[in-house]
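# Sequence and predicted structure are below.
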Amino acid sequence: MRIGDILIFLLVAGISGSLGQRIVGYSRGGCLVAVVLGFIGAMFGQWLATQIGLPEPFPLNIRGRTFPILWSIVGSALFVAIICLISGRKRRL
């Protein structure tokens, strides 16, 4: 995997993580947190979709590697909602 491929994955993970934060309405941290949430959301969302038996409608393929865009956003939103519930803090926009 080249450095350009990694940068594209980081960009997509950051966008997915920030969209997940916006859906929930709870933002904590900056760009690095959004990237981490995007990757965690991709793993969690893909696992959840596999358990339910749902396909990935919008996969991003880069040199044979797939990044689940839709499940990354859904997983990020669910993960942020869980963090919001556990922390008990008020929502920030």
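Looks like it arrived, so ask away.

# So for the most centrally placed residue in the chain, what pLDDT did the model give?
Nearest to the mean C-alpha position of the chain, by C-alpha atoms, centre = their mean, lies Gly38 at 2.7 Å. Residue-level confidence at Gly38 comes out at 82, pLDDT.

# CA atoms only: put whatever helix or strand it lives in into PDB for me.
Here Gly38, judged by DSSP states H and E, is contained in helix 31-52. Once non-C-alpha atoms are left out, helix 31-52 reads as follows in PDB (Å, rounded to 0.1, in the frame of the first residue of the first chain):
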ATOM      1  CA  CYS A  31      -9.700  15.900  13.000                       C
ATOM      2  CA  LEU A  32      -7.600  13.100  14.600                       C
ATOM      3  CA  VAL A  33     -10.600  12.000  16.700                       C
ATOM      4  CA  ALA A  34     -12.800  12.000  13.500                       C
ATOM      5  CA  VAL A  35     -10.300   9.800  11.700                       C
ATOM      6  CA  VAL A  36     -10.200   7.400  14.700                       C
ATOM      7  CA  LEU A  37     -14.000   7.300  14.900                       C
ATOM      8  CA  GLY A  38     -14.100   6.600  11.200                       C
ATOM      9  CA  PHE A  39     -11.900   3.600  11.500                       C
ATOM     10  CA  ILE A  40     -13.700   2.300  14.600                       C
ATOM     11  CA  GLY A  41     -17.000   3.000  12.900                       C
ATOM     12  CA  ALA A  42     -15.800   1.100   9.800                       C
ATOM     13  CA  MET A  43     -14.900  -2.000  11.900                       C
ATOM     14  CA  PHE A  44     -18.000  -1.800  14.100                       C
ATOM     15  CA  GLY A  45     -20.400  -1.000  11.200                       C
ATOM     16  CA  GLN A  46     -19.000  -3.700   9.000                       C
ATOM     17  CA  TRP A  47     -19.300  -6.300  11.800                       C
ATOM     18  CA  LEU A  48     -22.800  -5.200  12.500                       C
ATOM     19  CA  ALA A  49     -23.800  -5.400   8.800                       C
ATOM     20  CA  THR A  50     -22.200  -8.900   8.500                       C
ATOM     21  CA  GLN A  51     -24.200 -10.100  11.600                       C
ATOM     22  CA  ILE A  52     -27.400  -8.800  10.100                       C
END
